[in-house]
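> sequence first, then the predicted structure:
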Amino acid sequence: MSVQGTNDDATLSKMSCIKKGYITNDNFVQYFVRRPTKRSPIINRGYYARWAAIRGLILQFLSAGKEGANEETPKKQILSLGAGFDTVFFQLKEDGKQPHRFYEIDFLEVTSRKAGIIGATDALRSKLGGNAVISKEQGEVTSNDYCLLPADLRDLTALNKVLDNAGFDPSLPTLVLAECVLIYLDPQASRSLIKWGAQKLSTAVFIIYEQMRGCPLLGIDDTPTLRAKEERFTEACWQRAVALNMDNIYSCHLDRDDIRRIERLEIFDEFEEWHIMQEHYCIAYGIKDQLGILEKFGFSQ
Ligand SMILES: C[S@@+](CC[C@H](N)C(=O)[O-])C[C@H]1O[C@@H](n2cnc3c(N)ncnc32)[C@H](O)[C@@H]1O
């Protein structure tokens, strides 16, 4: 499978979770899937855990800095690196929770397909916000609320250029998301990207979801432990960093009522395999907080 092809695989897993009722609030993945495929219960549960954990962190970030019930939250932006066919922007917009602007980056091959689908689908196009311009050829969508831009994450000059042209504002509190992406880069390129984030942004969280070990991917040996994942941030001048494996996140940091609900959806008896698999995946994040709005951000201690 090509690196770009891993995106279709991720989209199919998400669709499988939606069809089985694990994910109940995503109305948009359907437009990116031609032929839905059923995944096994263990894959569905694993994908649900990943989705629920990341979504929880995104919602926390979006509400950070709100002092009182009637106060507005500060203007914020999200930058999704290697976004693939992720639909979180569209769902946030549908729920009235979108940030000031949402940026997505991927290879031209992927952004071009995504721009084509957005352009051809009313339900997606209508969510873009004002001044929308969609170009399938250039693999680009720009609008007041959402920008989809082609760039190779290994080329930071090109990344800066597309972001600057699209009005990315490094002074705004920013959530950078790299979900199942850095592992496809060589370790040096991942480290450069994490450092780039620390240098460019002053109030930000950089969230990574990735495997720890056990599969032959480019970046895997560079950070084989949770400690190494945290140090990759702190060595790049992020103020603090946290890395937890998905087994811990599933047991301690997801909504218990929702866990009870999803555990009733399918017969599940692969418990040993489940724990081993979940220990091989993690979420790590680094935080910089010049504005002092992210003190409470993250998984509770
Ligand atoms: C496994 S998919 C994950 C997609 C999405 N983040 C998700 O979680 O559903 C990995 C994505 O990273 C993108 N990607 C990998 N290396 C990249 C690079 N050097 N530059 C830009 N995008 C890259 C791929 O094209 C693909 O869309």
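Sure, I can see it.
> show me the shaky parts of the chain.
Scanning the chain for pLDDT under 70 picks out 67-70, 213-221.
> who in the protein is up against the ligand?
Counting by Cβ under 6 Å from any ligand atom, the positions of the chain adjacent to the ligand are 3-4, 6-7, 10, 82-84, 86, 106-107, 110, 152-154, 179-181, 184-185. Using the backbone N, CA and C atoms, a C-beta is placed for each residue, glycine as well.
> just these: which are in strands?
Those of the residues of the chain next to the ligand mapping onto strands are 106, 179, per DSSP state E.
> out of the residues of the chain next to the ligand, which are buried?
4, 6-7, 10, 82-84, 86, 106-107, 110, 153, 179-181, 184-185 (16 or more other Cβ atoms under 10 Å).
> packing partners for the longest helix anywhere in the chain?
Assignment by DSSP state H gives helix 41-63 as the longest helix of the chain. Under the contact definition 3 or more Cβ pairs under 8 Å, 6 or more residues apart in numbering; DSSP states H and E, helix 41-63 sits against helix 6-19, helix 88-94, strand 174-179, strand 203-211, helix 246-252, helix 256-263, helix 271-279, strand 281-289.
> quick one, it and helix 6-19 angle?
Relative orientation of helix 41-63 and helix 6-19, computed by axes from the mean of the first three to the mean of the last three Cα atoms, to 10 degrees: 90 degrees.
> element containing the nearest residue to Leu177 once chain neighbours are set aside, please.
Spatial nearest neighbour of Leu177, excluding adjacent residues (Cβ to Cβ, 6 or more residues apart in numbering): Ser80 at 4.6 Å. If you go by DSSP states H and E, Ser80 is part of strand 77-81.
> other residues contacting that strand?
Here strand 77-81 makes contact (Cβ atoms under 8 Å, 6 or more residues apart in numbering) with 58, 61, 86, 88-89, 99-105, 153, 163, 168-169, 172-179, 181, 193.
> just the buried ones out of these, please.
Buried subset of those (neighbour count, 16+ other Cβ under 10 Å): 58, 61, 86, 88-89, 99, 101-105, 153, 163, 168, 172-179, 181, 193.
> quick check: Arg227 touching Val242?
No. Applying Cβ atoms under 8 Å, one finds Arg227 not in contact with Val242, separated by 11.1 Å.
> more neighbours: which of those two?
Val242 (17 against 11; other Cβ atoms under 10 Å).
> can you name the residues bridging to that one?
When assigned by DSSP bridges, Val242 has beta-bridge partners Tyr285.
> quick one, what contacts it?
Contacts of Val242 (Cβ under 8 Å, 6+ apart): 230, 284-285, 298-299.
> that one and Glu295: what is the separation?
Separation of Val242 from Glu295 (Cβ to Cβ, to the nearest Å) stands at 13 Å.
> find residues that contact each of those two.
Overlap of the contact sets of Val242 and Glu295 (by Cβ under 8 Å, 6+ apart) is empty.
> hang on, Phe168 packs against Glu104?
No. Using Cβ under 8 Å, Phe168 makes no contact with Glu104, being 11.6 Å away.
> ok, Pro41 touching Ile262?
No. Under the criterion of Cβ under 8 Å, Pro41 makes no contact with Ile262, lying 10.2 Å away.
> got the contact list for Cys180?
Contacts of Cys180 (Cβ under 8 Å, 6+ apart): 6, 10, 82, 209-210.
> leaving out sequence neighbours, find the closest residue to the residue in the stretch 201-301 of the chain positioned nearest to the ligand.
With Cβ to the nearest ligand atom as the measure, Tyr209 is the residue of the stretch 201-301 of the chain nearest to the ligand, at 7.1 Å. Excluding the flanking residues, the one nearest Tyr209 by Cβ to Cβ, 6+ apart is Glu179, at 4.5 Å.
> OK, contacts around the one you found?
Contacts of Glu179 (Cβ under 8 Å, 6+ apart): 50, 54, 80, 82, 86, 207-209.
> neighbour-wise, which one of those residues leads?
Within the contacts of Glu179, Ile208 tops the neighbour count with 27 neighbours, counted by other Cβ under 10 Å.
> specify the beta-bridge partners of it.
Bridge pairing for Ile208 (DSSP bridges) gives the partners Ala178, Ala284.
> Arg264: neighbour count?
Using other Cβ under 10 Å, Arg264 has 10 other residues around it.
> Thr203 against Pro170, yeah?
No. Proximity of Thr203 to Pro170 does not meet the contact threshold set by Cβ under 8 Å, at 9.8 Å.
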